[in-house]
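A.B. asks: Take a look and give me a structure for this.
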Amino acid sequence: MDTSMELDIFCKNIKTLRNIKKLSKRKMAKILGIGVKSLTSIENGVIPPRLSCEVAFEIKRHFGITLEDLFKKIL
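C.D. replies: Below is the predicted model:
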């Protein structure tokens, strides 16, 4: 799988996870330690590589999801 496809899956999974957990963008952004605008950018597929790592590890820590699940399959 190429990197752009993994990034697309990652971004879709962030939004899916937020919806599954019934979290507002504001609450999800707070959990991840980022701003709402950054979260919106991530959900829309625009994310700097450094931020993707920070967000991925925070999701792993907070929600108990493996990094493999976050990048390899849609939740």
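
A.B. asks: give me the low-pLDDT residue ranges for this protein?
C.D. replies: 1-2, 48-49, 75 (pLDDT under 70).

A.B. asks: Give me the spatial nearest neighbour of Ile34, chain neighbours excluded.
C.D. replies: Take Ile34 and drop its neighbours on the chain: the residue closest to it by Cβ to Cβ, 6 or more residues apart in numbering is Val55, 6.7 Å away. In short, each C-beta sits where N, CA and C put it, glycine included.

A.B. asks: residues touching that neighbour, list them.
C.D. replies: Ile14, Leu32, Ile34, Ile42, Ile47 (Cβ atoms under 8 Å, 6 or more residues apart in numbering).

A.B. asks: for this protein, what's the longest helix?
C.D. replies: helix 3-20 (DSSP state H).

A.B. asks: what's it packed up against?
C.D. replies: helix 25-32, helix 36-43, helix 49-63, helix 67-72 (3 or more Cβ pairs under 8 Å, 6 or more residues apart in numbering; DSSP states H and E).
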